[in-house]
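# Sequence and predicted structure, then a few things I'm wondering about:
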Amino acid sequence: MRLAVAIDGGNSKTDAALVREDGAVLGTARGDGSSPHHLGVEAALDVVGGLIAELAPPEEPAEALLLLAGIDFPDEEAAAEHAAAGRGWAKRSRVRNDTFAVLRAGTEAGWGIAITCGAGMNCVGIARDGREARFPALGPISGDWGGGADLGSDALYFAARSEDGRGARTLLEARVPAHFGFTVPSDVAHAIHRGQLSDRRLLELAPLVFELAADDAVAASIVDRLVAEIVAYVRVASERLRLEEEAFDVVLGGGLLQHAEPSFVAAVAQGVHLTAPGAVVRPTAVPAIVGSALLVLDGLGATAEAKHRLRRELESETVTIGGRDG
């Protein structure tokens with residue numbers, strides 16, 4: 001039975017799994033983030049290499065599949081694959097964007113559209129015949145808005161305007177500074193300006209926006225904008241792939257969407273159905289490493305039974321990320 005290594009590398013953490021062609025999970029490991037966008041290719045691969053060393057494959061794996069955040073263009077994939085091949089981790093190494101893992105984890109069909117929303121947001125689509133639709137996901141320079149960092153920044157923005165009267169009053173005015181132990185939003189702005197508080201911590205405010213949306217019009221407007229962004233991604237991806245008349249899954253994943261409230265999912269579905277009435281919108285809390293591992297089994301031509309076994313074992317509480325399963 002051939003072995004393979006699956007990697008799901010995000011901005012904040014990286015999961016790895018050593019799997020066998022029959023679907024057995026031989027080991028798992030977790031480490032720091034491995035996005036080449038933030039670390040550079042070689043440093044990102046150093047993180048991956050440390051996890052593979054921890055897995056300690058007993059023989060050379062047939063394949064290593066690295067699905068990494070921040071790999072957005074074909075030339076980036078090619079450069080990272082070339083560098084990964086030089087590490088000698090497997091007979092073949094492949095590198096792709098991590099959103100493919102979310103799609104594969106969230107649907108048994110193996111095709112459809114996935115939206116992942118963590119610190120940032122991205123979308124991929126795959127047609128039944130394998131055609132793909134992708135987006136750069138580089139932030140404002142590629143027209144992006146909608147990750148947790150954006151929601152958090154908007155929360156502070158509207159809180160500040162509520163405090164000084166330039167904007168509508170909002171519960172965010174009190175809740176945003178309280179989250180960081182301050183009294184008013186201007187205290188938060190001052191702390192960020194002076195370098196006493198990292199602006200990256202604004203990401204922590206994203207769940208607060210969802211919490212307040214039911215009772216606060218300003219928070220609700222931020223959530224409504226997120227719904228509109230997701231709908232726009234799905235509309236464009238489905239048009240590119242000519243899926244408007246198809247029945248397909250729209251998978252919502254990532255830290256902000258994997259446990260989305262039914263009302264949020266319904267709002268997304270309502271917008272999606274304007275252009276793709278057959279789409280089924282569903283959040284998934286299945287870890288993305290499951291999708292990466294299933295894709296690596298797809299590449300090995302594994303049986304459906306093997307894939308069911310792998311999904312069952314990786315989702316099981318008996319498989320602990322960061323530990324070993326003999």
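Yep, that arrived. Numbering: from 1, shown residues only.
# Check the burial of the closest residue to T284 other than its chain neighbours by counting its neighbours.
In space, and not counting its chain neighbours, T284 is closest to G106: 3.6 Å by C-beta to C-beta, 6 or more residues apart in numbering. Using the backbone N, CA and C atoms, a C-beta is placed for each residue, glycine as well. Neighbours of G106 under the rule other C-beta atoms under 10 Å: 26.
# how close does G106 get to V234?
14 Å (C-beta to C-beta, to the nearest Å).
# Was I right to think E21 contacts A306?
Yes. Counting by C-beta atoms under 8 Å, E21 touches A306, with 6.6 Å between them.
# Overlap in contacts, the two.
Residues touching both E21 and A306 (C-beta atoms under 8 Å, 6 or more residues apart in numbering) are L297.
# what's near enough to touch the residue nearest to L300 when sequence neighbours are not counted?
Leaving aside its chain neighbours, L300 sits nearest to E21 (5.4 Å; criterion: C-beta to C-beta, 6+ apart). Counting by C-beta under 8 Å, 6+ apart, E21 touches M1, R2, L3, A4, A62, L297, L300, A302, A306.
# pLDDT at the nearest residue to the third one once chain neighbours are set aside, what is it?
Across the structure, with C-beta to C-beta, 6+ apart as the measure, the residue nearest L3 apart from its sequence neighbours is P61 (4.3 Å). We note a pLDDT of 97 for P61 in this prediction.
# what helix or strand is P61 on?
P61 is part of no helix or strand when elements are defined by DSSP states H and E.
# Quick check, it in contact with R94.
No. Counting by C-beta under 8 Å, R94 is not a contact partner of P61; they are 11.9 Å apart.
# The two - which one has more neighbours?
With neighbours defined as other C-beta under 10 Å, P61 and R94 compare such that P61 has more, 24 against 18.
# Against T303, how distant is that one?
19 Å.
# swap in E244?
33 Å.
# again, but for T99
Taking C-beta to C-beta, one finds T99 at 26 Å from T303.
# likewise R128?
R128 is 21 Å from T303, by C-beta to C-beta.
# For T170, which non-adjacent residue is closest in space?
Nearest to T170 is V218, by C-beta to C-beta, 6+ apart, at 3.7 Å.
# Then that neighbour would be within a strand, right?
No. Secondary structure of V218 (DSSP: H, G, I helix; E, B strand; the rest coil): helix, not part of a strand.
# which residues touch it?
F158, S162, G167, A168, T170, L171, L172.
# Recalculate using a threshold of 6 Å.
F158, A168, T170 (C-beta atoms under 6 Å, 6 or more residues apart in numbering).
# residues in contact with the last one?
Contacts of T170 were listed using C-beta under 6 Å, 6+ apart, and they are F158, S162, D216, V218.
# Also A24?
Contacts of A24 by C-beta under 6 Å, 6+ apart: none found.
# confidence score at it?
Taking A24 on its own, its pLDDT is 96.
# same deal with E317?
Confidence score, pLDDT, at E317: 43.
# ok, now A6?
Value listed for A6 in the pLDDT field: 97.
# what's the spacing between it and V48?
11 Å.
# With A84 instead?
8 Å.
# same question, E42
11 Å.
# quick one: which of those two has more around it?
Per other C-beta under 10 Å, whichever of E42 and V48 has more neighbours is V48, with 24 against 12.
# Can I take it that the more buried one is in a strand?
No. V48: not assigned to a strand; according to three-state DSSP it is helix.
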